[in-house]
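Visitor: the following comprises the amino acid sequence and a computationally predicted model.
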Amino acid sequence: MLSPSWWQAALAAEDWQKSGFGLYVHWPFCQSKCPYCDFNSHVADRIDQTRWARALCREVERAGELTGRRRLDTVFFGGGTPSLMAPETVAAVLDTVRATWPLANDWEVTLEANPTSVEAGRFAGYRQAGVNRVSLGVQSLNDTDLKRLGRLHSAADARAAYDIARNTFDRVSFDLIYARQHQSLESWTEELDRALDMAIDHLSLYQLTIEPETAFGMRAAKGGLTGLPDEDLSADMYDMTVDACARAGLGAYEVSNFARPGAESRHNMLYWSAGDYAGIGPGAHGRLTMAGQRYATASWSAPGTWLDAVESDAPVFEVYTALTPKDVAEEYLMMGLRVTQGISLSRLIYMGADPHMPQRLEDLRANGLLKRDGDRVFTTRRGRNLLNAVIRELIVE
């Protein structure tokens, strides 16, 4: 059992306040709604890019009024489909960012893109605006499965988009979904091998999850979503994925993310290490620390409601909540155990973890689900496979 004196002695072990500061920009529009997606995305026939650019820039300025001029490390354009943004819209937002915060010399600016909305001129415009990393929503290299997933592109479209991105940006990632309907271990192995032949330095590989309010969720509730792999096959797929990526030089630095050393998504690492980030755009979430108090923020989800609030200088936050020390500690625990670098014990206690947490951590370590190295605790491979169960054991209401 870990003694209280050990924990007190560890409090200075990590300069944990330097987790960074980022900006998340949510673009809520898509060409169509995918049946597995539970993100805040909307299909619109017409988008007034000038109006939206003006509103997003105003919200960047208002975020700066909240945070003060702290150094900004990362920007992430997510959605929705941010590659439906005009390059001029992205440029306007990033120009406002530059005027609002001092920037890290090596700041990372990521933009998510769908293969159907990729063309060379648009990508060149994003690069000129300041985007230096692109994440492509490929999702599958199999045309039949792309149709099942509601995607509008083909595998050939995905490869063409990837080639454009690779010739435009130094850092390119793409996403795939596995454990799909009627997918075998052998077919996923073959598809992943093709993906690894394409990958430069980063892959995001997600197991298909069925969320209740999605089209897939409603279909599953009626018994109409057939051919999903069982838990054993899904676990075999995950184990194979980790091993294949490791052989290709892309280590699993997070449960679903694989990268060559130094190519990890810095913005996502900021989330997982409990850094601060401002969220702007409809439905965007944020975590901001001001005067020693950490706040959770969430903007109005409906694009029209959000836009009207911005243009009338009304509050855009539907949620603006002061988090308790226990809230902060538990968020750090849930997010930090996803990454292979794990969490700092001293930081966890400093944040406000309950006094029984050390013993629960020790029990999981004894059962082979966690490991400890000095001040850091991280999941074993078995623990990552059972991550939800590990979290449930640690967070007791």
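Guide: Sure thing, it's come through.
Visitor: what's around residue 122, how many residues?
Guide: Residues lying near residue 122 (other C-beta atoms under 10 Å) number 19. No exception for glycine: its C-beta is placed from N, CA and C like everyone else's.
Visitor: was I right to think it contacts residue 83?
Guide: Yes. Applying C-beta atoms under 8 Å as the test, residue 122 and residue 83 come out as touching, 7.1 Å apart.
Visitor: which residue packs closest to residue 78, ignoring adjacent ones?
Guide: In space, residue 78 comes closest to residue 112 once its chain neighbours are excluded; the distance is 5.4 Å by C-beta to C-beta, 6 or more residues apart in numbering.
Visitor: report pLDDT for that neighbour.
Guide: Note on residue 112: pLDDT of 97.
Visitor: in the sheet, who's paired with it?
Guide: Judged by DSSP bridges, the bridge partners of residue 112 are residue 135.
Visitor: look up how far residue 53 lies from it.
Guide: Here the distance between residue 112 and residue 53 works out to 18 Å (C-beta to C-beta, to the nearest Å).
Visitor: what does residue 178 give?
Guide: For residue 178, the distance to residue 53 (C-beta to C-beta) stands at 37 Å.
Visitor: leaving aside the residues adjacent along the chain, what's closest to residue 360?
Guide: Excluding the flanking residues, the one nearest residue 360 by C-beta to C-beta, 6+ apart is residue 394, at 5.4 Å.
Visitor: around the one you found, how many other residues sit close by?
Guide: When neighbours are defined as other C-beta under 10 Å, residue 394 has 21 of them.
Visitor: residue contacts, it?
Guide: Listed by C-beta atoms under 8 Å, 6 or more residues apart in numbering, the contact set of residue 394 reads 333, 357, 360, 361, 364.
Visitor: ok, now residue 234?
Guide: Per C-beta under 8 Å, 6+ apart, neighbours of residue 234: 179, 207.
Visitor: list the buried residues of the longest helix belonging to the chain.
Guide: Looking across the chain with DSSP state H, the single longest helix is helix 49-67. For helix 49-67, the neighbour count (16 or more other C-beta atoms under 10 Å) marks 52-60, 62-64, 67 as buried.
Visitor: between these, which is closest to residue 75?
Guide: In terms of C-beta to C-beta, no member of the buried residues of helix 49-67 lies closer to residue 75 than residue 60, at 9.6 Å.
Visitor: for the closest residue to the closest one other than its chain neighbours, which residues are in contact?
Guide: Excluding the flanking residues, the one nearest residue 60 by C-beta to C-beta, 6+ apart is residue 96, at 4.5 Å. Residue 96 makes contact with 56, 57, 60, 61, according to C-beta under 8 Å, 6+ apart.
Visitor: can you do 10 Å?
Guide: 53, 54, 56, 57, 58, 59, 60, 61, 63, 64 (C-beta atoms under 10 Å, 6 or more residues apart in numbering).
Visitor: ok so, going back, tabulate the contacts of residue 394 (CSV), appending distance to residue 292.
Guide: Below are those laid out as CSV (distance: C-beta to C-beta, whole Å):
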residue, distance to residue 292
333, 20
357, 22
360, 27
361, 26
364, 31
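Visitor: tell me the pLDDT at the residue nearest to residue 353 when sequence neighbours are not counted?
Guide: Spatial nearest neighbour of residue 353, excluding adjacent residues (C-beta to C-beta, 6+ apart): residue 329 at 4.1 Å. pLDDT, residue 329: 92.
Visitor: could you look up the SS state of residue 329?
Guide: The three-state label given to residue 329 by DSSP: H, G, I helix; E, B strand; the rest coil is helix.
Visitor: mind listing the helices for the stretch 101-250 of the chain?
Guide: Using DSSP state H, counting those that start in this stretch, the helices found in the stretch 101-250 of the chain span residues 120-129, 143-148, 155-168, 185-198, 215-221, 231-247.
Visitor: just so I know, which of those lies nearest residue 293?
Guide: Across the helices of the stretch 101-250 of the chain, residue 293 has its closest neighbour in helix 120-129 (34.3 Å, C-beta to C-beta).
Visitor: out of the helices of the stretch 101-250 of the chain, indicate the one that is most buried.
Guide: helix 155-168 (a mean of 19; mean count of other C-beta atoms under 10 Å).
Visitor: all strands for the stretch 251-397 of the chain, in order.
Guide: Using DSSP state E, counting those that start in this stretch, the strands of the stretch 251-397 of the chain run over 251-254, 257-259, 276-280, 285-290, 293-299, 317-322, 343-344, 370-373, 376-379.
Visitor: with mean neighbour count, distance to residue 204 and mean pLDDT added, can I get those in TSV?
Guide: Formatted as TSV, the strands of the stretch 251-397 of the chain follow (neighbours: other C-beta atoms under 10 Å; distance: least, C-beta to C-beta, whole Å; pLDDT from 0 to 100):
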stretch	mean neighbour count	distance to residue 204	mean pLDDT
strand 251-254	20	9	96
strand 257-259	25	5	98
strand 276-280	24	18	97
strand 285-290	18	19	95
strand 293-299	18	23	96
strand 317-322	13	27	95
strand 343-344	26	22	92
strand 370-373	15	24	94
strand 376-379	20	19	94
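Visitor: now those strands in TSV, with distance to residue 351?
Guide: Shown next, in TSV, are these (distance: least, C-beta to C-beta, whole Å):
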stretch	distance to residue 351
strand 251-254	21
strand 257-259	24
strand 276-280	14
strand 285-290	11
strand 293-299	9
strand 317-322	14
strand 343-344	10
strand 370-373	18
strand 376-379	14
